[in-house]
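Have a look at this prediction, sequence included:
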Amino acid sequence: MKPTPQTKAQRYSQELAAYTLRQFSIARSSLDKNHAAAISKFPLAYARVARAERLANMTGQTA
C-alpha cells in the first residue's frame with residue numbers, strides 16, 4: 001500500500017515533533033543548577049513539553 005500525501009505529512013509532523021522534543025531535552029539537560037536564571041526563562045509551555053517527554057520515555061519513543 002502506497003502512503004498517501006496526508007499520511008506522509010502526518011508522519012513527518014510526528015518525527016519533527018519528536019526531534020524537536022529531543023533537542024529541547026538535550027538543551028535543558030545541559031543546564032545545571034548554576035544556570036537557574038536561564039532555566040527560568042523557558043516558556044510556561046515547558047510543563048507540556050515535560051509531560052510529553054515523560055510520556056515519550058514511557059512509550060519508548062525517544063532516541
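Everything's here; your move.

Give me the distance between the nearest residue to Pro3 once chain neighbours are set aside and Pro5.
For Pro3, ignoring the flanking residues on the chain, the nearest one in space by C-beta to C-beta, 6 or more residues apart in numbering is Arg11 at 7.6 Å. Yep, even glycine has a C-beta here, placed from its N, CA and C like the rest. Here the criterion is C-beta to C-beta, to the nearest Å. By it, Arg11 lies 11 Å from Pro5.

Likewise for Ser25?
Ser25 sits 30 Å away from Pro5 when distances are taken as C-beta to C-beta.

In terms of neighbours, single out the busier of the two.
Here Ser25 and Pro5 are compared on neighbour count by other C-beta atoms under 10 Å; more neighbours surround Ser25, at 17 against 7.

What residues of the helix or strand that Leu16 is a member of count as buried?
Taking DSSP states H and E as the definition, one finds Leu16 inside helix 5-30. Within helix 5-30, the residues that qualify as buried are 21, 24-25, counting by 16 or more other C-beta atoms under 10 Å.

Lowest-confidence one in the residues you listed?
When the buried residues of helix 5-30 are compared on pLDDT, Ser25 comes out lowest, with 79.
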